[in-house]
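# I would like the atomic coordinates for the input below:
(one chain, ligands or ions: 1)
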Amino acid sequence: ALELQLQPFALLLRQTLDQLQEKDTDSIFAQPVSLEEVPDYLEYVDTPMDFSTMHSKVEGHEYRSFDEFQADFELIVNNCMTYNEKDTMYYKNAVKLKEQGGTIIRAAKKLAERVG
Ligand SMILES: CC(=O)c1c[nH]c2ccccc12
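Reported below is the predicted structural model:
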């Protein structure tokens, strides 16, 4: 669509990221998990990810495709469900974000594809 041609790809990713982050109402995914506070985190999680890192990657034009952007969002959710037990607030928030975020991602991916 013309409007997408005019809108840089980064603007679409920025808007999508803002919509995803709105769903993180407790802001538990806003910043990297602190390796000082959680010293064993890297024993369970290979590639930490959070929304602030994704914002930097959007601004740095590090996402070459929508799929790369989606993969980082899925890292945020899956890392949380790997590290935290099911009966924790963190795990429950990740399940909710996975569901609500999936809807946002699907709509944004269709828009990104229209750019051709
Ligand atoms: C997103 C996530 O897993 C966490 C966000 N903050 C945390 C503090 C302790 C353990 C895990 C976390």
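
# quick one: name the residues of the chain near the ligand.
28-29, 33, 38, 80, 83-84, 90 (C-beta under 6 Å from any ligand atom). Using the backbone N, CA and C atoms, a C-beta is placed for each residue, glycine as well.

# contacting residues for the closest residue in space to Glu59 that isn't next to it in sequence?
Residue nearest to Glu59 in three dimensions, not counting chain neighbours: Ala10, with 7.2 Å by C-beta to C-beta, 6 or more residues apart in numbering. Ala10 sits next to 58-59, 61 when contact means C-beta atoms under 8 Å, 6 or more residues apart in numbering.

# tell me how far Ala10 lies from the ligand.
Ala10 sits 25 Å away from the ligand, taking C-beta to the nearest ligand atom, to the nearest Å as the criterion.

# same check, this time on Met54
Distance, Met54 to the ligand, using C-beta to the nearest ligand atom: 13 Å.

# isn't that residue up against Leu17?
Yes. Between Met54 and Leu17 there is a contact at 5.7 Å, judged by C-beta atoms under 8 Å.

# of those two, which one has the most company?
Higher neighbour count among Met54 and Leu17: Met54, with 24 against 20, using other C-beta atoms under 10 Å.

# now the phi/psi pair for that one, please.
phi -60, psi -40 (degrees, to the nearest 10).
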